[in-house]
Each structure stands twice: as structure tokens, then as C-alpha cells.
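# below are the sequence and a predicted model; questions follow.
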Amino acid sequence: MIKISIIGGGNVAYHLTAILLKTPTVKLVEVYNRTLDKIQYLKHKTAITANLNTLKDADIYIICVSDNAIEEVSKQLNLNNKLVVHTSGSVAIDELKCNANKGVFYLLQSFSKDKNVDFSNIPICLEAETKKDLELLETLAQTISKNSYHINSSQRRNIHVSAVFINNFVNHLYYIGNQICSNNNVPFEILQPLIKETALKIETLTPFEAQTGPAKRNDTKTLKKHEAMLSKNQKEIYKLLSQSIYNTYGKKL
């Protein structure tokens with residue numbers, strides 16, 4: 001039985017807490033948040049605390065806070081010989097500043113509190129200072145997911161910036177497309193089959209092979225029509241992405 005303590009109350013902590021409470025080989029001994037209001041919903045399921053100085057004994061302490069807060073939170077921990085890990089994609093292992101064994105347990109997924117996720121398919125990127133700690137993290141990862149990888153801090157930073165492009169930026173483009181539809185009384189769901197097909201396509205084709213559209217074809221007439229329909233901000237994004245696509249496949253537009 002692996003004893004886990006969660007430090008944080010945000011989206012990652014919310015979902016990780018939920019799956020660990022359902023995992024029979026894991027005991028969630030405590031959840032910390034700086035204010036108890038945010039984690040009151042857990043008080044009948046596990047111990048909760050707002051005091052980092054009185055954390056219960058655990059095998060792994062998982063810091064689930066914002067990237068900017070990881071160093072400061074870790075400085076407050078006095079957990080000699082315990083394993084402390086963070087869940088960030090962009091923060092190096094040595095940015096943990098506690099007197100403990102250090103590691104990383106990075107869940108490569110986008111988390112929103114009101115959307116359930118299937119943990120069994122989430123890639124988990126693991127890093128630790130010792131073989132023993134890495135094996136412990138591997139055991140924990142395998143209890144909740146079929147996909148775990150030994151990834152160092154440099155590799156993880158590159159994965160994270162790639163994820164920003166394919167998730168955060170793409171979702172923002174969905175938002176812009178939704179705005180355009182809404183402003184012209186078009187139901188956004190009409191685009192959902194296209195969104196799904198685009199995602200499915202790269203299971204059998206590389207993104208380079210899957211690219212279509214007016215920028216790749218150098219269809220300047222259509223590009224100009226589109227630009228004339230857009231707001232200033234939308235037009236800037238449209239032109240930048242179109243130029244990047246065309247640069248990939250041919251000459252400057």
C-alpha cells in the first residue's frame with residue numbers, strides 16, 4: 001500500500017485526488033491546501049489540512065500547485081528522506097528546494113474540474129534522483145495508467161512546449177472559430193465532425209502529411225477573402241499561421 005499526500009487544490013490535484021481515492025493499492029492519507037474552503041468536499045473522504053508543518057506520514061508527497069509556486073512551497077517542507085515530487089511539465093527537478101528526495105510525476109493531459117478524464121490512457125512522465133524512488137513512482141503510475149515514461153527535465157520541457165502548441169493554442173483557435181460562428185448565427189457543432197476527423201487523421205498520417213487548406217495550396221484569392229472577413233486580432237493570427245504553413249510547403253505568400 002503506497003501512502004500519498006497531495007499538496008494543492010487546483011485542477012490537477014482535484015483529478016489526481018479523485019483517482020487515488022478509487023485505487024485500492026493506494027492510501028490517500030491527506031490533502032493540503034492553503035485555505036480549507038477549497039478542499040472541504042474531501043473532509044469525509046480523507047484528512048485535510050492548511051498547515052504544511054504538520055503533514056501526516058506518507059511515502060510520496062505530490063505537489064500540485066502552479067509552476068510559479070513550486071519552489072516556494074517546497075522550501076516550506078521539512079520531509080527529510082521522504083520523496084517529494086511535483087506535477088509540472090516545465091519545472092526542472094532541481095527547482096524543488098526541500099531537504100527530501102526529489103522527483104517528478106507529470107500527467108501529460110489537460111485538466112478541467114468539470115470534465116472527467118480517463119486516467120488509464122494518460123501518459124505519465126517520471127523522473128527521480130535514485131533508482132529506488134523511480135521504481136516507487138513507476139509502481140504508483142502503473143496503478144492508474146497504462147502509459148508511463150522515464151523522462152528527464154530537459155525532455156519534459158520540450159514535451160510541455162509541444163503540448164502548448166497542440167493543446168492550448170489549438171483550443172484557442174477553437175475559441176476563435178466559435179466566436180466567428182456565434183457572430184454569424186452558425187451553430188459551432190457543425191464543425192465538430194471536422195475537428196474529430198482532424199484529430200483521428202494523425203493516428204495514421206504525420207501532421208506534415210495531413211495538412212490541407214488554402215495556405216498549403218497557395219490559394220491567395222481565398223486567403224484574401226478570409227482576411228477581409230476577420231477582426232484585426234483574428235487577421236493577425238490567420239496571416240501568421242498561413243505564412244507558417246506556406247513556409248513549410250513552399251514559398252512566401
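Structure received.
# can you spell out the domain ranges of the protein, please?
2-151, 157-249 (automatic domain parsing).
# please name every helix or strand in contact with the helix or strand containing residue 158.
According to DSSP states H and E, residue 158 maps onto helix 153-163. Where contact means 3 or more Cβ pairs under 8 Å, 6 or more residues apart in numbering; DSSP states H and E, helix 153-163 is packed against strand 101-107, strand 123-128. Backbone N, C-alpha and C define where each C-beta goes, glycine included.
# with mean pLDDT and mean neighbour count as extra columns, can I get those strands in TSV?
Shown next, in TSV, are the helices and strands packed on helix 153-163 (pLDDT from 0 to 100; neighbours: other Cβ atoms under 10 Å):
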stretch	mean pLDDT	mean neighbour count
strand 101-107	96	23
strand 123-128	96	22
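# what does the longest helix seen in the chain rub up against?
If you go by DSSP state H, the chain has its longest helix at helix 232-249. Applying Cβ atoms under 8 Å, 6 or more residues apart in numbering, the external contacts of helix 232-249 come out as 173, 176, 179-180, 208, 211, 213-216, 218, 223, 226-227, 230, 252-253.
# 10 Å instead?
Contact with helix 232-249 is made by 169, 172-173, 176-177, 179-180, 207-208, 211-220, 223, 226-231, 252-253, as judged by Cβ atoms under 10 Å, 6 or more residues apart in numbering.
# okay, buried residues for stretch 108-119 please.
108, 109, 111, 119 (16 or more other Cβ atoms under 10 Å).
# actually stretch 134-143, sorry about that
136, 137, 140, 141.
# closest to residue 21 out of those residues?
Checking the buried residues of stretch 134-143 against residue 21 by Cβ to Cβ gives residue 140 as the nearest, at 14.1 Å.
# assumed residue 136 was part of a helix.
Yes. Counting by DSSP: H, G, I helix; E, B strand; the rest coil, residue 136 is part of a helix.
# any chance of TSV for the buried residues of stretch 134-143, columns pLDDT and distance to residue 20?
Listed next are those as TSV, based on pLDDT from 0 to 100; distance: Cβ to Cβ, whole Å:
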residue	pLDDT	distance to residue 20
136	97	15
137	97	14
140	97	9
141	96	12
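# which of those residues sit farthest apart?
The widest separation within the buried residues of stretch 134-143 (Cβ to Cβ) is 9.7 Å, between 136 and 141.
# overlap of the contact sets of these two?
residue 126.
# avg pLDDT for the longest helix of the chain?
Mean pLDDT, helix 232-249: 96.
# run through the strands of the stretch 1-150 of the chain in chain order.
For the stretch 1-150 of the chain, applying DSSP state E, counting those that start in this stretch gives strands covering 2-7, 26-32, 47-49, 60-63, 83-86, 101-107, 123-128, 147-150.
# quick one on the thing from earlier: can you put the buried residues of stretch 134-143 in CSV and add distance to residue 187?
Formatted as CSV, those follow (distance: Cβ to Cβ, whole Å):
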residue, distance to residue 187
136, 49
137, 45
140, 43
141, 41
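# tell me which element the residue lying farthest from the centre of the chain falls in.
Here the chain reaches farthest from its C-alpha mean at residue 221, the gap being 38.7 Å by Cα atoms, centre = their mean. Per DSSP H and E: residue 221 is located in helix 220-229.
# what angle separates that helix from helix 232-249?
Helix 220-229 runs at 160 degrees relative to helix 232-249, counting by axes from the mean of the first three to the mean of the last three Cα atoms, to 10 degrees.
# got the contact list for helix 220-229?
Helix 220-229 is contacted from outside by 180, 184, 213-215, 217, 219, 234-236, 238-239, 242-243, 246, 253, using Cβ under 10 Å, 6+ apart.
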